[in-house]
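A.B. asks: I would like to see how this sequence folds:
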Amino acid sequence: MPSADLIWTIVGFVLTLLILSHILGDNPLFRIVSYLFVGVASGAVAVIAIYQVIWPKLILPILRGDYLTIIPLVLSLLLVAKLFPRYSAVGNFTMAYLVGAGAAVAVGGAVMGTLISQSRALITPFNLSSAVQSGSPVMQIVEGAFILIGTLATLFYFQFSAKVQANQSVKRPAFVETAGKLGQGFIAVTFGALLAGVFGSAIAALVERLAFLLTAFRF
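C.D. replies: Next up, the predicted model:
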């Protein structure tokens with residue numbers, strides 16, 4: 001094994017052991033590795049931001065004569081003022097622009113990427129022509145009905161409107177309450193699947209690190 005590979009293998013082996021030491025509880029060795037990871041990640045993000053965003057998309061266009069790029073440069077400089085409490089108000093305009101643009105992107109993504117896609121997913125299984133072409137129209141319609149029921153039941157679970165009268169408890173209609181209970185079951189299954197995915201990813205990462213330790217012992 002080349003000397004450079006040997007050195008980095010030893011470094012990775014030691015860092016892996018220090019990370020696994022968290023099993024015994026929080027300790028200074030684990031904190032050192034955590035701080036090292038945060039520092040390296042921050043440095044990598046800074047380098048990527050400089051060489052892939054700031055320099056090619058902000059500085060070079062100005063040097064080439066595209067003076068419209070001065071506008072985002074000025075906004076960026078105003079944002080730096082947020083680091084100083086005395087002059088933080090100068091960066092409010094930039095923050096307002098970032099929040100507005102972020103909200104527009106989030107709303108657009110929610111509408112185009114979630115609502116419309118979910119609506120299409122609800123409609124597609126009930127397309128009889130595509131169901132016949134699939135070879136199993138009954139199963140496709142049953143699957144579509146299951147998706148439709150799950151979606152509607154989940155929406156009923158988040159329906160909280162009810163008439164409030166004096167000296168009476170707030171109670172939803174029986175149909176809404178039943179549908180909400182069914183939707184709660186769908187939500188529980190969804191969160192269970194997500195948790196299983198996260199747990200599976202963690203187990204896979206642990207197995208990969210253990211395999212690395214075994215490989216490091218064998219070289």
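
A.B. asks: pLDDT-wise, which helix or strand of this protein ranks last?
C.D. replies: Counting by mean pLDDT, DSSP states H and E, the chain has its least confident helix or strand at helix 128-134, which shows a mean of 69.

A.B. asks: what is the helix or strand that that helix is followed by packed up against?
C.D. replies: Downstream of helix 128-134, the next assigned helix or strand under DSSP states H and E is helix 137-157. Packing contacts for helix 137-157, counted by 3 or more C-beta pairs under 8 Å, 6 or more residues apart in numbering; DSSP states H and E, involve helix 116-123, helix 128-134, helix 174-218. C-betas here are computed from N, CA, C, even on glycine.

A.B. asks: neighbouring contacts of helix 137-157?
C.D. replies: Contact with helix 137-157 is made by 118, 121-122, 124-126, 128, 130-131, 134, 176, 179-187, as judged by C-beta atoms under 8 Å, 6 or more residues apart in numbering.

A.B. asks: what number of residues lie near Cys157?
C.D. replies: Just so we're on the same page, residue 157 is Tyr rather than Cys. By other C-beta atoms under 10 Å, the residues close to Tyr157 number 19.

A.B. asks: and what of Tyr97?
C.D. replies: By the measure other C-beta under 10 Å, the count of residues near Tyr97 is 14.

A.B. asks: likewise Leu195?
C.D. replies: Neighbours around Leu195, by other C-beta under 10 Å: 10.

A.B. asks: where does this structure dip in pLDDT?
C.D. replies: The model of the chain has pLDDT under 70 over residues 1-2, 130-132, 134-135, 159-172, 217, 219.

A.B. asks: distance of Ile19 relative to Phe13?
C.D. replies: Ile19 sits 11 Å away from Phe13, going by C-beta to C-beta, to the nearest Å.
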